[in-house]
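Novice: When you get a sec, could you give me coordinates for this:
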Amino acid sequence: MFVHWNTAYHKLLFITDPAVIPFPDLDQKIAMADYAIEMANRFGVDKPKIALISATEKMGHHFESSVDYSIMCKMADRNQIGKLHYGWSARYFPSMR
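Specialist: Model prediction:
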């Protein structure tokens, strides 16, 4: 986890490191999202926003990451991931903690 503070931006940025797990499976992606939310909470961010970033901006079944992120958003709808729900984008959802 990397925490970045930029004087030109009004919020802290929490970045998980993809080099540690270059090809995470769905369970690992969920664990990374939960950990990022937990760390943001410890820094005083009550409702952090999560951006699920992939190599492509289009959803496609042949891109495992976009399929996993779609599953994570559906799980978030059902409060199965750290009490999350997604906001205005299928790859972006604020925490409800």
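Novice: Could I get the full set of strands for this protein?
Specialist: Under the criterion DSSP state E, the chain contains strands at 2-4, 13-15, 49-51, 92-94.
Novice: Going by neighbour count, which residues in the third one are buried?
Specialist: What that stands for is strand 49-51. Of the residues in strand 49-51, those buried by neighbour count under the rule 16 or more other CB atoms under 10 Å are 49-50. In this view, the C-beta of every residue, glycine as well, is placed from N, C-alpha and C.
Novice: Give me the helices and strands touching it, please.
Specialist: Applying 3 or more CB pairs under 8 Å, 6 or more residues apart in numbering; DSSP states H and E, we find strand 49-51 packed against helix 26-42, strand 92-94.
Novice: give the contact list for the residue lying closest to Leu13 once chain neighbours are set aside.
Specialist: In this structure, Leu13 finds its nearest non-sequential neighbour in His4, 4.3 Å apart by CB to CB, 6 or more residues apart in numbering. Shown in contact with His4 (CB atoms under 8 Å, 6 or more residues apart in numbering): 12-15.
Novice: how about a cut-off of 10 Å?
Specialist: Contacts for His4 (CB atoms under 10 Å, 6 or more residues apart in numbering) come out as 11-15.
Novice: what's the answer for Leu12, then?
Specialist: Contacts of Leu12 (CB under 10 Å, 6+ apart): 3-6, 40, 43-45, 48.
Novice: Max pairwise distance over those residues: which two?
Specialist: Asn6 and Gly44 (17.2 Å; CB to CB).
Novice: picking up where we left off before, which among the contacts of His4 count as buried?
Specialist: The neighbour-count test (16+ other CB under 10 Å) marks Phe14 as buried among the contacts of His4.
Novice: Give me the pLDDT for Ala8.
Specialist: We have a pLDDT of 92 for Ala8.
Novice: ok, Phe33 to Phe43 distance?
Specialist: One thing to correct before we go on: residue 33 is Ala, not Phe. Distance from Ala33 to Phe43, counting by CB to CB, to the nearest Å: 16 Å.
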